[in-house]
Every structure is written in structure tokens, then in C-alpha cells.
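return atomic coordinates for the entry below.
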Amino acid sequence: MKTLPWLLMAMAPLALAAPGVEDFDVRLSIEAPVDASLLQLNLPADVYRAVRHADLRDVRIFNATGEAVPMARLPRPTESQALRVERPLVALPARSAPVRDGVTVHASGATSVRVEVDRTAPAAVSALPGYLLEVKDFDAAVDELTLIWPEATPFEAVVSVQASDDLQQWRTVAHRRALLSLGEGEARIVQDRIALPAVRSRYLRVDWVGTPPPVTLQRAALVSSGRAVSVAREWVELSGQVDARTIDFSSPGLFPVDALRLVPVSDSDVISARVASRAAVSGRWQWRARTVGYRLQQAGGVDEGEATTIAPTRDPLWRVTLDADATEVPRLALGWTPESVAFVARGAGPYTLAVGHASAPSVWQAPGQVVPGFGTDRAAALASARVRAGAAPVAAAPREPAPWQAGSHWWLWGALLLGVGVLGAMARGLWREMGTAKDTPTK
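You can find the predicted model right below:
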């Protein structure tokens, strides 16, 4: 019994050691340019088949010496991606606004009024300086304008924003918007953003409203709230187990599914159903969509139903509940968009994509930690890399069996009962040792 603690202490460093490339289930070779420093890689279907965790924590990229290199998952290309580009502001000369001549009104009694105009009175001038911004090389609509000034300057002011394509005709796109910079340190409050109604113009002009503050605007950031980029989906088609109007399907991988389609077997059939999914047998079914699948024979060929988009999920277990009895069991097609990974080509190649580990911790970093300037026009360029196709398809990783597979739970119950028995035996032995120690007389 005394050697057990020492044995555990000796094994602790081994348990805490980072997994190496040989510790992963699947290792895929990466083809990459030799002179590239930053690379972008689309994850193939084999990764989703071999990965064991839905958050992809058991994914690594190793160099030739077995060192894991920094990597980050890039935003989905079908998602809305914000675009932010900074531009310099050009100060414009103050515009003069002459005030009317001096006017004096004299009232004499209830009916006599004399008005005198003093044309010699000096005309007051209100200084209204502004800033000009040229919107170039910015292909998206401007949804927000962020103004940038020296951080230490406290002020409160109001601005208006105008847009033009020819510097002659101007239209107001933001009227009387507040700007302020107050306080210091953690108590500092800054309002520097101006919302715009998806403006598409060549020029923007920012003007102070009223008395200008003692601050000089330096730059402005053009912000577009989102850009949609369509990419081709990949599909996997599943066959299911039917029970009356319920059909259960098991996906061979943890694909980032964002679309689905019911596929009838015959060429002239229409099927409507509800679709749900869950991550594990012990989880609850989550409603995903109501969809209609069809295959209709037309004069020019077969017309198939369109895909139904859903919220992205990696659930491997799917259930289709038909609205009516079907003579033939339809198949379920799951569609996903391959995810992109950026990684640093640190160390010598070739590089290896390793996937599949039971207890590997996550090493993913934020895109900005891997790609300098990510999300801006100064972002570092990424060279393209790809995974070499293997000689044989990757088998699905061992995961929780589907609920309709006979005897899927018995081994779990057996392991649980065995563990309880072992703990009971240990407790009994400890109890006996304590009793023996009490009965033994002290000398």
C-alpha cells in the first residue's frame, strides 16, 4: 500500500505530457508551398469521421520534428463576416455662414413700430470645419463609421455625415449624432461610432454641428456588418432504421451540418416530415426543421427537392418523423461546409494533420493570434494547402452506439457494476484492517 502513492507520482508526468503525433488515431499528410509562412487548409471529410469530440479538441497539425504548430479555425464562409477598413480623414477649410444685417425694432404705443437696419454692423461668421473621407477599395455597404481621435482629449460634440459621388450633390445619411470622450482610466466613456443606413458612395463628409470641440479627428474606420459568401456544400447520404413513421439515422462523423434533404427512393414520390437530432443516446432530441423531399419525373429529367438550411450542428444521431406512411424508406442527406484552418508553418515540413484522441485538450487559438491583422485590410496573406488523399477512406471513430443497436447499453451497465464491486471489496478490506489494528494490544 505504501508504494501506491509513489507509483502515482511517477505516472503523473506521463499523464500530463502533451500527446504526440503517434498518439492520434488518424494522420493525414499535408501538401503545402515550401516558402509559405502562413497556410490555410480546408478540413476534409476524413477529419470529421475520425474526430472524437464535437469541439474538435483532438485535432493537431505537426511539423516534421513532431512539434504541434499554432492553428486557428477561421469563420465559416457562409456566415456574416464583418469588414473593417481604416481611412485617413482630410480636414476641410471652415465654411463661412454670414448672419443677417443688424436689425433694431422700436415700438411706440400700440400701433407704431419702426424698424432700423444697420448695414454697417459686422457680419458674424460661424466656423463649421469638416472632414472628407474617400471610400475606395471598399466593395461592401458602409453600415457604421468609427471616428478616431487622440485618446487623451475629453470633449462632447455633435456631428452630421453626408454622402456624395461627385462632391457636388450631397445627401445627409446621419443627422446630429453625438460624439464624446469623458473620464479617465477604467471610468473612461467613449462614443465614437455612427450608424449608417448601408451607404454606398464614393465620398463621405463629417461636419461638426454647432461649436467644434478642441479635438482633431485623425482617421475613420469603415465598417460593413456582414458579407455573405456562398460556397459549395459536401453531402453524405444515410440509410436509416424504420419504426412505423419514425426513421433513425446515424452519421459516420461529426460533420458541421447546416443543411439537410430527404431523398425518396422512387422517381415519383413526395415526402413531408419533421427532423430532429441529438448528440448522444442520453441526450434529448432537438427539433431541426420541417422539410419536404421529392423526386418527380419530368419531361427533361428528374426534379429533386431543394435543401433545407438549419442551424449548424455536429449531432451524429438523427430522427425523421414522417407525416404519413411511406411505401419505401427515404434516405437522409446531410450537407455541410468544410471548415478552414489557418496555421503557422513553423519548423520544417512536411506537415501532418493528426485527428482522433480520447483525452487531448484543445489547443485552438483565436484567428487574430495566428493571422496578424485578421479581419482588416492589413491581414497577412494565407497560402493554400491541402490534405493528400489517402489510399483508403478513414473509418468512423468509436462513439456512443445508436439506441436501436441491440445490446448497446449492457457493457456500460456491466462496467458500472464491476466498478461498484471493486470499490466495495476495497472498502471491506480497509474495514478489516482497521478492526485488526484496534484488536491488536499495544506493547
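
what's near enough to touch the residue nearest to P88 when sequence neighbours are not counted?
For P88, ignoring the flanking residues on the chain, the nearest one in space by Cβ to Cβ, 6 or more residues apart in numbering is R219 at 5.6 Å. For every residue, glycine as well, the C-beta is placed using N, CA and C. Contacts for R219 (Cβ atoms under 8 Å, 6 or more residues apart in numbering) come out as E86, R87, P88, L89, L147, I148.

in these, find the pair that's most separated.
Of all pairs drawn from the contacts of R219, the greatest distance, 12.1 Å, lies between P88 and L147 (Cβ to Cβ).

more neighbours, the two?
L147 (22 against 13; other Cβ atoms under 10 Å).

quick check: beta-bridge partners of the more buried one?
The partner list for L147 in beta bridges (DSSP bridges) reads A220.

hang on, G424 is in a strand, isn't it?
No. Assigned with DSSP: H, G, I helix; E, B strand; the rest coil, G424 falls outside any strand and is helix.

any figure for the gap between it and L430?
11 Å (Cβ to Cβ, to the nearest Å).

and the pLDDT at the residue nearest the centre of the chain?
Centroid-nearest residue in the chain, with Cα atoms, centre = their mean: P75, separated by 4.6 Å. For P75, the pLDDT comes out at 88.

state the distance from it to T146.
Applying Cβ to Cβ, the value for P75 to T146 is 21 Å.

do L222 as well
Separation of L222 from T146 (Cβ to Cβ) stands at 8 Å.

list the contacts of the nearest residue to A221 once chain neighbours are set aside.
Nearest non-adjacent residue to A221, counting by Cβ to Cβ, 6+ apart: T146, 4.0 Å away. Neighbouring residues of T146 by Cβ under 8 Å, 6+ apart: R84, D192, R193, I194, A220, A221, V223.

7 Å - rerun?
Residues in contact with T146, defined by Cβ atoms under 7 Å, 6 or more residues apart in numbering, are D192, R193, A220, A221, V223.

save the residues you listed as JSON lines, and put in neighbour count and pLDDT too.
Below are these laid out as JSON lines (neighbours: other Cβ atoms under 10 Å; pLDDT from 0 to 100):
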{"residue": "D192", "neighbour count": "15", "pLDDT": "91"}
{"residue": "R193", "neighbour count": "14", "pLDDT": "91"}
{"residue": "A220", "neighbour count": "24", "pLDDT": "93"}
{"residue": "A221", "neighbour count": "17", "pLDDT": "91"}
{"residue": "V223", "neighbour count": "21", "pLDDT": "90"}
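
and these, which is closest to R177?
Scanning these for proximity to R177, where the rule is Cβ to Cβ, the winner is R193, at 8.9 Å.

next, the contact list for the closest one, please.
E144, T146 are the contacts of R193 under Cβ under 7 Å, 6+ apart.

give the bridge partners for it, please.
As for beta bridges, R193 partners with T146 under DSSP bridges.

hang on, the earlier thing: so what pLDDT did the residue nearest to P88 get?
Reading off the model, R219 has pLDDT 90.

the one 10 residues further on too?
What the model reports as pLDDT for V229 is 55.

okay, A427: pLDDT?
76.

SS state for it?
Following three-state DSSP, the label given to A427 is helix.

where in the stretch 251-400 of the chain is pLDDT low?
Residue ranges of the stretch 251-400 of the chain with pLDDT under 70: 299-300, 390-400.

quick one, strands of it?
In the stretch 251-400 of the chain, the segments counted as strands under DSSP state E, counting those that start in this stretch are 257-263, 269-278, 286-298, 301-304, 308-313, 317-322, 331-336, 340-344, 351-355, 383-387.

give the rounded mean pLDDT of stretch 135-152.
So the average pLDDT for stretch 135-152 ends up being 85.

so how far is it from its chain's centroid?
23 Å (Cα atoms, centre = their mean, to the nearest Å).

what comes up buried for stretch 140-154?
Judged by neighbour count using 16 or more other Cβ atoms under 10 Å, the buried positions of stretch 140-154 are A140, A141, V142, D143, E144, L145, L147, W149.

please apply the same query to stretch 356-376.
Quick answer for stretch 356-376 (16+ other Cβ under 10 Å): G356, H357, A360, W364, Q365, P367, V370, V371, F374.

using the three-state scheme, assign E433.
Strictly by three-state DSSP, E433 counts as helix.

give me the number of residues near it?
By other Cβ under 10 Å, the residues close to E433 number 11.

do you know how far it is from A427?
Counting by Cβ to Cβ - E433 and A427 are separated by 11 Å.

likewise R314?
41 Å.

before we move on, what about L167?
Distance, L167 to A427, by Cβ to Cβ: 87 Å.

again, but for Y48
44 Å.

so between these two, which is more surrounded?
The neighbour comparison of Y48 against A427 (other Cβ under 10 Å) goes to Y48, with 27 against 10.

which ones are touching G375?
Counted by Cβ under 7 Å, 6+ apart, G375 has contacts A82, R84.

residue contacts, A36?
A345, A383.

separation between N63 and Q298?
Distance of N63 to Q298, computed by Cβ to Cβ: 54 Å.

domain ranges for the chain?
Per automatic domain parsing, the structural domains of the chain span 19-74+339-387, 84-95+127-224, 234-336.

closest to L417 out of the ones you listed?
domain 234-336 (18.2 Å).

now the end-to-end length of the closest one.
Start-to-end span of domain 234-336 (Cα to Cα, to the nearest Å) is 6 Å.

who wins for proximity to V420 among the domains of the chain?
Among these, domain 234-336 comes nearest to V420, with 19.4 Å by Cβ to Cβ.

tell me the one among the contacts of T146 nearest to R386.
Nearest to R386 among the contacts of T146, with distances taken as Cβ to Cβ, is V223, at 33.1 Å.

name the element the nearest residue to that closest one once chain neighbours are set aside belongs to?
Nearest non-adjacent residue to V223, counting by Cβ to Cβ, 6+ apart: E144, 3.9 Å away. Using DSSP states H and E, E144 falls within strand 142-148.

quick one: contacts for the nearest residue to S340 once chain neighbours are set aside?
Spatial nearest neighbour of S340, excluding adjacent residues (Cβ to Cβ, 6+ apart): L74 at 4.3 Å. By Cβ under 7 Å, 6+ apart, the contact set of L74 is S340, V341, A342, P367.

tell me the bridge partners for the second one.
When you say that, I think you mean V341. L41, R73.

so where do the helices sit in the chain?
3-16, 45-50, 367-370, 410-439 (DSSP state H).

just give me the lowest mean pLDDT stretch among these.
Set side by side, these give their lowest mean pLDDT on helix 3-16, at a mean of 46.

alright, I will stop here.
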